[in-house]
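**Student:** Here you go, sequence then predicted model.
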Amino acid sequence: MIETTNLAFNYDTNWRFDFKDLSIKAGEHVFIFGQSGSGKTTLLHLLSGILPSSQGQIKIANHCISNLSTIQRDRFRRDHLGYVFQQFNLLPYLSIQENIALPLHLSPIKKQKNKHTTHDMIDRIQLHEFSEHQTKNLSQGQKQRVAIARAMMGDPDVILADEPTSALDDANTDICMKLLKQVRSTIILISHDLSLKKYFDRALDMNTILNQPRQT
Amino acid sequence: MKLLFNLTRKSLFHRKVTATLTLMSIIMSVVLLLGVDRLRKDAKQSFQNTISNIDLIIGAKTGPSQLLLSTVFHQGFPSNNISFDFFKSLKQRPDVNFAIPISLGDSHKGYRVIGTSTSFFEHFYYGNKQPLAFETGQQFSKASHVVLGWSVAQTMGYQINDPIVVSHGIGETSFDHHDEHPFTVKGILKRTGTPVDRALYVSLQGIEKIHLDPKADMLKIESAEPISITAAFVGLQNKVMIFNMQREINHSRKEALMAIIPGQTFYEIWQIVSIAEKALKLISFFVLIATLIGLLVMMLSNLEQRRREISILRAQGASALQVGLLFIFESTLLMLLGIVLGCLALAGFVLLFQNTLQVHFGIYLTLPWADPHTLKTLSLMLIAGLLTGLVPAIAVYRRSLNQGLNAI
């Protein structure tokens, strides 16, 4: 499902990440942990096509995204990926319902594949009574639930999550992780919080993923 | 497209304070731009509409502009007079259709008093050959009657049968009042939007009367003829004869006379005034530029404020083109709203101040719609608004998603 080969990224001439080859099966839920600055977010951005790799190849669902142009990477991300951010990144002027439905409006493929109605999804995150409300008045936990629901819409092949629980308390962390576990998509979640390990099929330490010292 | 339009609408509403301020600046600019343009056109129109079917204005030798300005626009002072005998001979010529005597020299509270005959009300046309009409009352029939222009009646609040005292001289202030010979308001003219509105009309006998001894025989005065008048408005039987007659009058040896063709002199005066017209055009242009710069500044400063929003949309799959379109939609929507509200505000302003401007400045402002030039200006503004949105759109297109996400 996801395969990387000789993957590397240069931030500038003296800052480089070299990654060992990765192989993640379809539907596998993988937890990647490591300290701040260890390259977790860089890896996630490379896998999502937000950053173009400096070297090597990334293959996701039979698409070699390293060979794609920026516009093609944008389309790939739109049609095949779901993204959960640390800071939720909901659009404040849209309602919960509109935020969740946003990927379906942007991607015709996701709209076609989608098995959930927006209302089902809102029911699953238990925010039905607020569905028409804007997201600015929600609690941190509620916001992250909305963000996860948005990532799940359109049944993406892969969901990438960047420290999604760092702003949440234990109870909300548990709710969010259980929500994520419900999907059949491949999940890659990065965090420095080792307690999340228990929710995943496999855990990878960034130190074991990185090939070389970062400073060159 | 529907999604992008909804996102634009909701995002703008979310930033309502900035958006409202920008919208207000566009509204102000539209009002200024169209207002200045309207003022320029209506001033020109009012100027050109002043007189319509007079072929020649004949007066004593002076400058053509001075003769036109003093007799038609009531500006400046007339030079010498022409003899009434000449006027009578002019009237009797077979090639003359009508001749209207004009006698200047008196005023009422800053408004010119014009001595003339009843032929003035029959033959003096304005605008597109529109005859003078009475709002109330009728033309004068006695030496003691006066007919008021619309603005005079409006400003002074005069009604039919009100007494009016005329003063000697045509300055704003006079200390020599003809109290012994008051006039009675006999009629009030309908609005014309021309200097006709800002004058009082009495018979030539009325002018004679106020300059005579109060003890003079009033019955004789009713049929008295003046010795001289200021000018004559002439309409010819055949327009082809205008230049011949002008030449003939200008070379007259009996009297120092001058004949001018109103349209030609209008054009010459407007050539001088056109410097102000060009200045107004230039002001309009700079107002438009200032508006567009304001809109661009708002869009670019928003670009920084909206980094997060843009990055969220990009991360969710919106292409750079789609996000760029959001900016183009926003600038176009703001400009469209600004144009619509600006036009409404200007219409409100025109309706509110139409009378005041007419009474005090003689400019009859018209509503700005259905004018091809206005529609062209507004279309250009809309296109300029759309192009303004292109600048931040290109900036968004060039900015990588990673740059935006790092800013979150």
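**Tutor:** Yep, it's here. Numbers count the residues shown, from 1 in each chain, chains lettered A, B, ... in the order given.
**Student:** C-alpha from now on. contacts and neighbour counts both.
**Tutor:** Fine.
**Student:** packing partners for the helix or strand where B:Thr374 lies?
**Tutor:** Element membership for B:Thr374, per DSSP states H and E: helix B:372-398. Packed against helix B:372-398, as judged by 3 or more Cα pairs under 8 Å, 6 or more residues apart in numbering or on different chains; DSSP states H and E, are the following elements: helix B:262-305, helix B:320-361.
**Student:** Output those helices in JSON lines, with distance to A:Ile159 appended to each entry.
**Tutor:** Output for the helices and strands packed on helix B:372-398, formatted as JSON lines (distance: least, Cα to Cα, whole Å):
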{"stretch": "helix B:262-305", "distance to A:Ile159": "28"}
{"stretch": "helix B:320-361", "distance to A:Ile159": "22"}
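**Student:** rank the ones you listed by pLDDT, which is bottom?
**Tutor:** Lowest mean pLDDT within these: helix B:262-305, a mean of 82.
**Student:** thinking again about what came up before, output the helices and strands packed on helix B:372-398 in TSV; the columns should cover mean neighbour count.
**Tutor:** Shown next, in TSV, are those (neighbours: other Cα atoms under 10 Å in any protein chain shown):
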stretch	mean neighbour count
helix B:262-305	16
helix B:320-361	20
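**Student:** Out of these, which is closest to chain A?
**Tutor:** With Cα to the nearest Cα, the closest approach to chain A among the helices and strands packed on helix B:372-398 belongs to helix B:320-361: 8.1 Å.
**Student:** could you pull out the helices for the chain?
**Tutor:** You didn't pick a chain, so chain A it is. A:40-48, A:70-80, A:96-106, A:108-113, A:118-124, A:140-152, A:170-181, A:206-209 (DSSP state H).
**Student:** wrong one, chain B
**Tutor:** Taking DSSP H as the test, the helices found in chain B are B:2-14, B:16-48, B:64-71, B:84-91, B:119-123, B:150-156, B:204-210, B:218-221, B:242-250, B:262-305, B:307-315, B:320-361, B:372-398, B:401-407.
**Student:** okay, those helices in a markdown table with distance to A:Met206 next?
**Tutor:** Shown next, in a markdown table, are those (distance: least, Cα to Cα, whole Å):
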| stretch | distance to A:Met206 |
| --- | --- |
| helix B:2-14 | 39 |
| helix B:16-48 | 45 |
| helix B:64-71 | 92 |
| helix B:84-91 | 111 |
| helix B:119-123 | 100 |
| helix B:150-156 | 88 |
| helix B:204-210 | 109 |
| helix B:218-221 | 118 |
| helix B:242-250 | 101 |
| helix B:262-305 | 33 |
| helix B:307-315 | 24 |
| helix B:320-361 | 32 |
| helix B:372-398 | 32 |
| helix B:401-407 | 20 |
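**Student:** right, and B:Phe327 touches B:Ala395 too?
**Tutor:** No. With contact defined as Cα atoms under 8 Å, B:Phe327 does not reach B:Ala395; the gap is 10.3 Å.
**Student:** who's in contact with B:Asn128?
**Tutor:** B:Asn128 makes contacts with B:49, B:52, as judged by Cα atoms under 8 Å, 6 or more residues apart in numbering or on different chains.
**Student:** distance of it from B:Glu135?
**Tutor:** 19 Å (Cα to Cα, to the nearest Å).
**Student:** same check, this time on B:Gln246
**Tutor:** B:Gln246 is 36 Å from B:Glu135, where distance means Cα to Cα.
**Student:** So between these two, which is more surrounded?
**Tutor:** Neighbours were counted for B:Gln246 and for B:Glu135 using other Cα atoms under 10 Å in any protein chain shown; B:Gln246 has more, 20 against 14.
**Student:** pLDDT score assigned to the more buried one?
**Tutor:** At B:Gln246, pLDDT is 93.
**Student:** and it, how far is that from chain A?
**Tutor:** 76 Å (Cα to the nearest Cα, to the nearest Å).
**Student:** residues near the closest residue in space to that residue that isn't next to it in sequence, how many?
**Tutor:** Spatial nearest neighbour of B:Gln246, excluding adjacent residues (Cα to Cα, 6 or more residues apart in numbering or on different chains): B:Ala259 at 5.3 Å. Using other Cα under 10 Å, B:Ala259 has 28 neighbouring residues.
**Student:** Quick check: beta-bridge partners of B:Ala259?
**Tutor:** Using DSSP bridges, the beta-bridge partners of B:Ala259 come out as B:Ile58.
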